[in-house]
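Chemist: Below is the structure, and that's it, no one-letter string:
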């Protein structure tokens, strides 16, 4: 695969693992439960271990996450979660982590490209993250897991982002960290870049059809702007 930069007219960004450092939050929480092992094996690195565990379950986790969408129950599941939250069940203020270098990257790219958020998160979760870092004004549209009849890995979210921007789907570039981002782009006829700062592994992203793979999301501005 190779990326055709001249074809790009809209940048579509995933959130978790691409803009939001969600996996680091999960790694930190899980690693804290394994610190006792260091009493027996002082050189054991709980951060490395837990990151590999989380990344190792990325593919089945995506399957489970998208199962309600395949069954046509995604709206009902989101409604249920929001209902529980209003009742105070499982309600908490989530910590937000921004991946290093993302903010200056977005500022640089916004001068040259229209941008959209294309996330499988629910509307409230997506908006909460964007508002926390005042990111929303940088994006022309915000597509969440509730915007379209089907979310990623279906092509619907990219079709909607393209429609709102007045471009063709094949003029979009999807940037994400998992196979569902890459598959959504491929099914929409869009190009895609996989990033390794989230849950996805290079071989999985490549096999799914990524046109290019970058170690970090922040490297995108250097790639597209040639700086």
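Modeler: Cool, the structure landed. None of the values given here were measured: they were computed from a predicted structure.
Chemist: How many residues are close by residue 135?
Modeler: Here the number of neighbours of residue 135 (other C-beta atoms under 10 Å) works out to 21. To be clear about C-beta, it is placed using only N, CA and C from the backbone, and glycine gets the same treatment.
Chemist: quick one: it and residue 20, what's the gap?
Modeler: Counting by C-beta to C-beta, to the nearest Å, the separation of residue 135 from residue 20 is 10 Å.
Chemist: And for residue 209?
Modeler: From residue 209 over to residue 20 the distance is 24 Å, taken as C-beta to C-beta.
Chemist: who's more crowded, these two?
Modeler: residue 20 (27 against 16).
Chemist: Need phi/psi at the more buried one.
Modeler: phi -100, psi 130 (degrees, to the nearest 10).
Chemist: my guess is it meets residue 96, correct?
Modeler: Yes - if you go by C-beta atoms under 8 Å, residue 20 and residue 96 touch, sitting 6.7 Å apart.
Chemist: what's the burial count for the closest residue to residue 107 other than its chain neighbours?
Modeler: Among residues not flanking residue 107 along the chain, residue 138 sits closest, at 7.4 Å (C-beta to C-beta, 6 or more residues apart in numbering). Residue 138 has 16 neighbouring residues, counting by other C-beta under 10 Å.
Chemist: Report pLDDT for the closest residue to residue 218 other than its chain neighbours.
Modeler: Excluding its sequence neighbours, the residue lying closest to residue 218 (C-beta to C-beta, 6+ apart) is residue 101, at 2.8 Å. The score at residue 101 is 96. That number is its pLDDT.
Chemist: and if you look at residue 145?
Modeler: Looking at residue 145, its pLDDT is 89.
Chemist: is it true that it touches residue 122?
Modeler: Yes - using C-beta under 8 Å, residue 145 is in contact with residue 122, at 5.6 Å.
Chemist: Number of residues surrounding residue 167?
Modeler: By other C-beta under 10 Å, the residues close to residue 167 number 16.
Chemist: Domain ranges for the protein, per the record?
Modeler: Here the domain parsing of the chain from automatic domain parsing is 5-21+97-225, 23-56.
Chemist: for those domains, which one ends up most surrounded?
Modeler: Across the domains of the chain, the average number of neighbours (mean count of other C-beta atoms under 10 Å) peaks for domain 5-21+97-225, which reaches a mean of 20.
Chemist: ok, for residue 103, nearest residue in space, not its chain neighbours?
Modeler: Nearest residue to residue 103 in three dimensions, chain neighbours excluded: residue 133, at 7.2 Å (C-beta to C-beta, 6+ apart).
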